[in-house]
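Asks: Structure for the following, please:
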Amino acid sequence: MANAASGMAVHDDCKLKFLELKAKRTYRFIVYKIEEKQKQVIVEKVGEPADSYEDFSASLPADECRYAVYDFDFVTAENCPKSRIFFIAWCPDTARVRSKMIYASSKDRFKRELDGIQVELQATDPTEMGLDVIKSRAS
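Replies: From the prediction side, this is the model:
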């Protein structure tokens with residue numbers, strides 16, 4: 001289960017919650033955290049389907065790295081409702097260097113566990129993952 005390169009395991013709950021978001025739309029977003037002592041990625045928080053993008057961004061800590069998945073609903077120029085699943089690697093400049101390294105080295109493997117991600121964003125400050133950025137990347 002653990003990857004020799006990064007040593008991080010992915011808790012089964014991470015995949016289960018993602019499948020629920022993707023298939024059943026049970027959640028609006030999921031925030032994942034690397035639990036360094038247990039050497040695994042765990043689910044830190046899930047957002048209700050009615051939660052807004054602001055609720056989602058507020059759930060990311062200002063000075064710690066996280067992975068997150070956000071289910072973004074939008075309407076195309078042709079007035080067609082659509083949805084995109086975003087994977088966001090949140091690595092603020094103020095995070096510890098060790099933390100940034102662990103998140104960076106574990107990202108690709110973790111992302112592979114979540115089958116169905118459509119757009120990936122890397123963000124070091126809130127402006128890099130603002131709603132305008134999400135909207136422009138979704139279409």
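
Asks: Which stretches in this structure count as strands?
Replies: Here the chain has its strands, by DSSP state E, at 9-10, 29-35, 40-47, 66-75, 81-90, 119-123.

Asks: Walk me through which strands the first one pairs with, and which way each runs.
Replies: Based on DSSP bridges, the strands next to strand 9-10 in the sheet, each with its direction, are strand 40-47 (parallel).

Asks: And the spatially most central residue of the chain, how close does it get to residue 56?
Replies: Among the residues of the chain, the one closest to the centroid is residue 68, at 1.5 Å (CA atoms, centre = their mean). According to CB to CB, to the nearest Å, residue 68 and residue 56 sit 7 Å apart. The way it works is simple: take the backbone N, C-alpha and C, and place the C-beta from them, glycine included.

Asks: overlap in contacts of these two?
Replies: Common contact partners of residue 68 and residue 56 (CB atoms under 8 Å, 6 or more residues apart in numbering): residue 29.
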